[in-house]
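I would like the atomic coordinates for the input below:
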Amino acid sequence: MRDNYFPSIRFHGFNEDWNKYNLGELIEITSASRVRKDEWTKSGVRFFRSSDVIANFKGMKNIPAFISYSLYEELSKKSGIVQPGDLLVTGGGSIGIPYLVEDERPLYFKDADLLWFKSANKVDGYFLYYYFVTSQLIKYISSITHVGTISHYTIEQSKETPIILPELIEQNKIGEFFRKLDDSITLQQQELTILKQTKQGFLQKMFPKEGELTPEIRFSGFIESWKHSKIGEITDSYSGGTPSATNKSYYGGSIPFIRSAEINAESTELFLTEIGLNNSSAKFVEKGDILYALYGATSGEVGISKINGAINQAILAMKPKLGNNSNFIMQWLKRQKHSIISTYLQGGQGNLSGSIVKDLVIPVPQNIKEQLVIGNFFNQLDEVIALHKQELEALQQTKKAFLQKMFV
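Numbers count the residues shown, from 1 in each chain. Down below sits the predicted model:
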């Protein structure tokens with residue numbers, strides 16, 4: 001007896017079982033005629049490589065490659081022409097990543113590491129594209145290709161790859177649904193990028209340039225020149241430590257143990273006991289303190305603590321004094337991150353120290369109220385950015401859930 005195939009969620013009016021095939025039964029899967037690297041040109045017909053497919057999938061940019069129109073016409077006579085609805089899928093390296101051809105612009109591709117699914121007008125291109133990003137197909141491809149030190153997804157393997165799909169009209173609806181969802185995700189990503197770029201622009205213009213004491217943009221009512229102070233002059237600062245990992249009585253309590261990767265987090269992986277805090281160099285910090293990462297991959301990252309907790313030696317805690325504003329100081333440190341890293345860390349390697357940070361010279365308004373206004377402005381901007389980031393993550397999770405429920 002045949003298995004019944006139908007998804008958990010589907011559009012109204014569709015109730016027939018889906019059918020199972022191997023991809024090779026439905027569409028032609030092949031590759032292209034070989035192109036040597038010395039045949040690439042600076043312009044002409046876009047020549048797709050595996051790296052282009054991966055970059056497109058991740059929303060990144062890649063330096064494009066081209067071949068001449070004359071070579072394209074010559075090779076196309078042998079291999080055929082890539083059409084809208086066709087799919088290019090990586091067969092080497094990061095395997096199984098799809099690229100959907102959506103328009104009729106001439107396109108050629110590297111033969112050795114991309115598979116060509118000639119699905120135009122046979123299987124809905126969007127449906128097939130999104131089928132390739134379902135967890136079930138990703139797991140299947142991984143299971144048949146990760147058998148040695150080098151993984152390859154071959155033409156023969158792709159022909160034997162199972163697919164469960166409905167009639168074309170339902171495929172069209174599903175493909176269109178996910179295309180629109182991706183459009184919403186892309187728009188949200190663009191808005192988030194614009195907000196981040198806007199903030200960077202304000203950071204450059206609302207703090208004085210190197211050697212100057214007046215910013216290019218400032219709020220109405222503030223006219224005094226700024227002054228230079230050392231971070232150590234306007235804050236009290238200290239680092240923490242790590243309780244002995246071999247003493248189990250030091251861990252598992254109720255005190256969040258903040259490590260450098262968690263300076264902006266609302267929760268921590270580890271918790272200390274009162275005994276662990278009191279019998280180590282770990283130091284207590286409060287919500288609202290400035291936390292600055294000194295060590296490792298997060299060196300130069302800075303944030304305002306969202307929780308009360310303890311810190312280790314990889315974090316410098318700073319408490320503003322003399323009325324200085326936490327958000328103002330934190331935003332300046334964010335602005336200066338690249339300069340600090342390039343000055344004190346060779347090639348991004350090594351550690352900062354509390355003494356280095358305390359000796360940093362920061363321009364500060366003489367009027368404390370201006371600090372507060374600037375700090376609040378960037379804090380509100382950060383909240384808007386965080387909200388857009390949450391909305392983007394919600395859309396991405398929604399897409400992930402629908403991919404699980406709308407495919408078999």
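
between the two ends of stretch 224-237, how far is it?
28 Å (CA to CA, to the nearest Å).

give the buried residues for that stretch.
Under the neighbour-count criterion of 16 or more other CB atoms under 10 Å, stretch 224-237 has 226, 229, 231, 234-235, 237 buried. Glycine gets a C-beta too; all of them are placed from N, C-alpha and C.

over to stretch 65-76?
Buried positions in stretch 65-76, judged by neighbour count with 16+ other CB under 10 Å: 65-67, 71-72, 75-76.

give me the most central residue, the protein.
residue 58 (8.4 Å; CA atoms, centre = their mean).

so who does it touch?
By CB atoms under 8 Å, 6 or more residues apart in numbering, no residues touch residue 58.

distance-wise, check it relative to residue 94.
Plainly put, residue 58 is 10 Å away from residue 94 if you go by CB to CB, to the nearest Å.

packing partners of the longest strand along the chain?
Taking DSSP state E as the criterion, the chain has its longest strand at strand 251-258. With contacts defined as 3 or more CB pairs under 8 Å, 6 or more residues apart in numbering; DSSP states H and E, the packing partners of strand 251-258 are strand 270-272, helix 274-278, strand 309-311.

next, format those as JSON lines and append mean neighbour count, mean pLDDT and distance to residue 205.
Formatted as JSON lines, the helices and strands packed on strand 251-258 follow (neighbours: other CB atoms under 10 Å; pLDDT from 0 to 100; distance: least, CB to CB, whole Å):
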{"stretch": "strand 270-272", "mean neighbour count": "20", "mean pLDDT": "97", "distance to residue 205": "40"}
{"stretch": "helix 274-278", "mean neighbour count": "16", "mean pLDDT": "96", "distance to residue 205": "43"}
{"stretch": "strand 309-311", "mean neighbour count": "27", "mean pLDDT": "97", "distance to residue 205": "33"}
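
out of the ones you listed, which is closest to residue 14?
strand 270-272 (49.9 Å; CB to CB).

which strands or helices does the closest one pack on?
Against strand 270-272 (3+ CB pairs under 8 Å, 6+ apart) you get strand 251-258.

just the helices in the stretch 51-200 of the chain please.
With DSSP state H, counting those that start in this stretch as the criterion, the stretch 51-200 of the chain has helices at 69-79, 125-131, 135-145, 155-159, 168-205.

residues in contact with the second one?
With contacts defined as CB under 8 Å, 6+ apart, helix 125-131 is touched by 84-87, 98, 100-102, 117, 119, 137, 163, 165, 171-172, 174-176, 178-179, 403, 407.

quick one on the thing from earlier: possible to save the helices and strands packed on strand 251-258 as JSON lines with distance to residue 42?
Formatted as JSON lines, the helices and strands packed on strand 251-258 follow (distance: least, CB to CB, whole Å):
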{"stretch": "strand 270-272", "distance to residue 42": "54"}
{"stretch": "helix 274-278", "distance to residue 42": "63"}
{"stretch": "strand 309-311", "distance to residue 42": "53"}
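
of all those, which one is nearest residue 215?
strand 309-311 (31.9 Å).

what does that closest one contact?
Strand 309-311 is contacted from outside by 239-240, 255-258, 268, 272, 277, 282-285, 291, 317, using CB under 8 Å, 6+ apart.

adjacent strands (with direction) for that strand?
Its sheet considered, strand 309-311 pairs with strand 251-258 (parallel), strand 283-285 (antiparallel) by DSSP bridges.
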